[in-house]
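# what follows is a predicted structure for the sequence shown.
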Amino acid sequence: MSMRVTVLQPFRRVGAAFLAAVGRMDKSLSPSDTMNRLRQHDFTLADSAYLFHIALATFWIYIMEVPGFPLKLLIPILYIIALLVPLTSQFFLPASPILLYLLSFYSSKFIPNDLRPTPSVVLLPTLESVLYGANVSDILTRFTHPILDIVAWVPYGVGHYVIPFIVAAFLWLFRPKESLHYWARAFGFMNLTGVLIQIVFPCAAPWYELIYGLTPADYSIRGSPGGLARIDKLFHSRGYTTAFSNSPLVFGAFPSLHAASATMEALFVSHFFPHTTKWVFGYAAVLYWATMYLTHHYLVDVVGGSCLAVAFFYLMMPEELKSPAAATAPPGGLAAAAYRSKYEIYDLEEPQGRGRGGLRGNGAIMRDAEAYDLEELSDRESDSEMDITYRSPVVPDGPASAVPLVKSGGRVSPTKKSHRHTASIASLIRSEERGEEGWSPIGGSFAFPTTPTRAQTFEEGKGPRAS
C-alpha cells in the first residue's frame, strides 16, 4: 500500500499544481479589459523591443509567398485577436519572440537567391581541424550501429521538439509566472538570433561533405536527413527525409540550434529545479554527441550554439530571479519566496511524518498548501510530530527548574495542543532583542524571580567562605 501511495504522490502533486495554475489564469474574454491594462501600462525602454517585432514580422510576411495574398494577412489578424482577448494574450504576448523565430525560420526560404550570401563549404571543417586538431565530427561518424542510432535519435529527433514545451509547462506549474516569461524571451530571442546568423553566414553541414565533397554549394541543393535516414529505414517511414529535404535553411549548420536549445534547457532546469542539474546536463551532453554522430553539425557548431545559449541565459535573466530563493519560489509569486517554515527560520531539521510509508512531514504539507494557494494553513500540528520549536515551556510533569518561571495560575491543560498562544523556546532565547523592538513574547503569564542581594546570600550561608 505504501508503494502505491509513493508512486501516486507525484501525480497528485502535479494535478494539484495544475488546478492551482488554472485558478490563477485570467479567464476574461473581454478585449476592453486588455485595452484598460494597456492604457494603465507604464511604458519603458524595454517595450521598444515590440517595435522590432513588428518591423521584422512585417518584412517576413511581405516576402512570404505561401500562403499568398490575401490569405497571409490572416497571420497578423489572428495574432492581434489573440492579444486582445485576455485569456489568450497571457500566453501569446510572452511567446512573441518564439513566434517571431518560427516566422523567420519559415519565411527565410523566400529570400531571393541573388540576395543571399554564398554558402561556405570548407570553413567549418577547416576551423574544426585548426581548433581541435582533427575533424571530430568525422571521427564520430565512422562507426554506426542501430542502438547508437536510437540513442542519438531520441534527443535529436524527438527531445528537441518536445522538451521546450515540457520546460515551459513545469515553469508554469511550479514556479512564478516571471520565470515562464523569462523562458519565452530567452529561448525565443536565442533561436531568432541563431536563424539570422544562419541566413547571413550560411555554412554546409557534414552531410554535405559526405555526399558532395568540398565542391562549391548553391541554393538549388536540397537538404538531407543525414544519419536520420537510418531512423526512417528502421521505422519504414520517410518522415525525416521529407522534413529535411524541404528545410527552409539548408545551409544552417552554424550555430547549432539543437545544441543551443539543449544548453538553454539545461541552464533553465538546473537554475529553477537545482536537484535535476546532473540529469539535464547529461541529456545535453548526449545531444551534443548526437548532432555530430548524425552528420548534422561540426563540433565548432555545437560550441557556438552552446555559447549563444549561455549568453542569452545570463544577459536576459531578470534581477529578481537571480537568487536561489527567488528561482525556487512557489508559483504564488516572488513574494512567496519570503515564506519560510519554522524549521528553516531556526535552522532545525524537519522531522519526517510517522504516517503510512513514512511520507512527507506535516510541515512540508503545510508549505505546499501555502505555496499553491489550495487551502488555509492548519492551526494544529500533527499529534505524532514532537518537535521542540513550538512546544510550550509549561510542561505538566516537567523538571522543577521550570516551575519558578511560571506563575501558579499559568498552568496549561495537558490536553490542549495548540501552539498559537504559547511562546517557543527559540522565542524565549531571542526575547531580549525582540524586546528592544517594542514587543516581547514574554507576557503576563511569566514571572521571573527576584535576584537575591549579597546580604541575603551570606545570611543563607551560600556566600563564599572566609579563608
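Cool, got the structure.

# so which bits of the helix or strand in which I139 is found are buried?
Assigned by DSSP states H and E, I139 falls within helix 136-140. Residues of helix 136-140 classed as buried under the neighbour-count rule (16 or more other CB atoms under 10 Å) are 136-138, 140. For every residue, glycine as well, the C-beta is placed using N, CA and C.

# please apply the same query to stretch 137-153.
Counting neighbours by 16+ other CB under 10 Å, one finds that the buried residues in stretch 137-153 are 137-138, 140-141, 148-149, 152-153.

# from the buried residues of helix 136-140, which single one is nearest M264?
Within the buried residues of helix 136-140, the smallest distance to M264 is 21.8 Å, found for S137 (CB to CB).

# residues contacting the closest residue to that closest one other than its chain neighbours?
On the basis of CB to CB, 6 or more residues apart in numbering, the spatially nearest residue to S137 that is not a chain neighbour turns out to be M292, at 4.0 Å. The neighbourhood of M292, defined by CB atoms under 8 Å, 6 or more residues apart in numbering, consists of 136-137, 140-141, 206, 298-299, 302.

# adding pLDDT and distance to A327, write those residues out as CSV.
Conversion of those to CSV gives the following (pLDDT from 0 to 100; distance: CB to CB, whole Å):
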residue, pLDDT, distance to A327
V136, 89, 35
S137, 87, 35
L140, 90, 35
T141, 89, 39
P206, 94, 38
Y298, 95, 34
L299, 95, 31
V302, 96, 27
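
# rebuild those as JSON lines, extending it with distance to L180.
As requested, the contacts of M292 are exported to JSON lines (distance: CB to CB, whole Å):
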{"residue": "V136", "distance to L180": "36"}
{"residue": "S137", "distance to L180": "35"}
{"residue": "L140", "distance to L180": "36"}
{"residue": "T141", "distance to L180": "38"}
{"residue": "P206", "distance to L180": "36"}
{"residue": "Y298", "distance to L180": "34"}
{"residue": "L299", "distance to L180": "33"}
{"residue": "V302", "distance to L180": "27"}
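
# could you identify the most distant pair in the residues you listed?
Greatest spatial distance among the contacts of M292 (CB to CB): T141 and V302, at 14.0 Å.

# now for the buried residues of stretch 137-153: which two are most distant?
Farthest pair in the buried residues of stretch 137-153 (CB to CB) is D138 and W153. Separation: 20.0 Å.

# quick one: end-to-end distance for stretch 151-161.
Counting by CA to CA, to the nearest Å, the length from the leading to the trailing residue of stretch 151-161 is 16 Å.

# flag every buried residue along that stretch.
By 16+ other CB under 10 Å, the buried positions in stretch 151-161 come out as 152-153, 155-157, 159-160.

# and the contacts of that stretch?
Under the criterion CB under 8 Å, 6+ apart, external residues in contact with stretch 151-161 comprise 227-228, 231, 240, 258, 261-262, 283, 286-287, 289-291, 293-294, 296.

# before we move on, what about stretch 165-178?
Contacts to stretch 165-178, defined as CB under 8 Å, 6+ apart, come from residues 14, 17-18, 21, 24, 179-180, 183-184, 265, 268-269, 272-273, 318, 320-321, 326-334, 336.

# swap in stretch 266-278?
Contacts of stretch 266-278 with the rest of the structure, by CB under 8 Å, 6+ apart, involve 167, 170-171, 174-175, 179, 183, 186, 280-281, 283-284, 309-310, 313, 324, 327-328.

# and if we set it to 6 Å?
Residues outside stretch 266-278 that contact it (CB atoms under 6 Å, 6 or more residues apart in numbering): 167, 175, 179, 183, 280-281, 284, 313, 327.

# tabulate those (TSV), appending pLDDT and distance to G213.
TSV is the format used below for the contacts of stretch 266-278 (pLDDT from 0 to 100; distance: CB to CB, whole Å):
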residue	pLDDT	distance to G213
V167	96	40
R175	92	49
S179	94	47
W183	96	42
V280	95	38
F281	96	36
A284	96	32
F313	97	38
A327	90	49
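
# closest to I77 out of the residues you listed?
For I77, the nearest member of those is W183. The distance, counting by CB to CB, is 27.1 Å.

# what about that closest one, how many residues nearby?
26 (other CB atoms under 10 Å).

# ok so, going back, cross the buried residues of stretch 151-161 against helices and list the overlap.
When DSSP state H is applied, these are split such that 152-153, 160 fall in helices.

# which of the residues you listed sits closest to A46?
Among these, H160 lies closest to A46 (CB to CB), at 29.5 Å.

# how much space between the closest one and L74?
When CB to CB, to the nearest Å is applied, the distance between H160 and L74 equals 28 Å.

# one more: A169?
Separation of A169 from L74 (CB to CB) stands at 28 Å.

# look at these two and report which has more neighbours.
Here A169 and L74 are compared on neighbour count by other CB under 10 Å; more neighbours surround A169, at 14 against 10.

# which of the helices or strands spans that one?
Remark: A169 resides in helix 160-174, with elements defined by DSSP H and E.

# got the buried residues for that helix?
160, 163-164, 167-168, 170-174.

# of those, closest to D33?
Nearest to D33 among these, counting by CB to CB, is W172 at 21.1 Å.

# ok, now how distant is that closest one from A95?
With distances defined as CB to CB, the gap from W172 to A95 amounts to 12 Å.

# what does N135 give?
Where A95 is concerned, N135 sits at a distance of 39 Å (CB to CB).

# same deal with S32?
Between S32 and A95 the computed distance is 23 Å (CB to CB).

# who has more neighbours, the two?
In terms of neighbours (other CB under 10 Å), A95 is the more surrounded of S32 and A95; the figures are 20 against 10.

# contacts only, for the more buried one.
Counting by CB under 6 Å, 6+ apart, A95 has contacts A184.

# mind running it again at 8 Å?
When the contact criterion is CB under 8 Å, 6+ apart, the partners of A95 are 184, 188.

# any weak-confidence spans in the stretch 251-400 of the chain?
Within the stretch 251-400 of the chain, the ranges that satisfy pLDDT under 70 run 332-400.

# which parts of it are helices?
Under the criterion DSSP state H, counting those that start in this stretch, the stretch 251-400 of the chain carries helices at the ranges 257-272, 277-293, 299-315, 324-327, 342-345, 362-372.

# now render those as JSON lines, adding distance to L8.
Supplementary listing: these in JSON lines, determined by distance: least, CB to CB, whole Å:
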{"stretch": "helix 257-272", "distance to L8": "24"}
{"stretch": "helix 277-293", "distance to L8": "22"}
{"stretch": "helix 299-315", "distance to L8": "35"}
{"stretch": "helix 324-327", "distance to L8": "28"}
{"stretch": "helix 342-345", "distance to L8": "26"}
{"stretch": "helix 362-372", "distance to L8": "15"}
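
# please identify the most buried of the ones you listed.
Across these, averaging neighbours per residue (mean count of other CB atoms under 10 Å) puts helix 257-272 on top, at a mean of 24.

# got the angle between that helix and helix 299-315?
Relative orientation of helix 257-272 versus helix 299-315 (axes from the mean of the first three to the mean of the last three CA atoms, to 10 degrees): 40 degrees.

# helix 257-272 to helix 277-293, inter-axis angle?
Using the same axes, to 10 degrees: helix 257-272 against helix 277-293 is 180 degrees.
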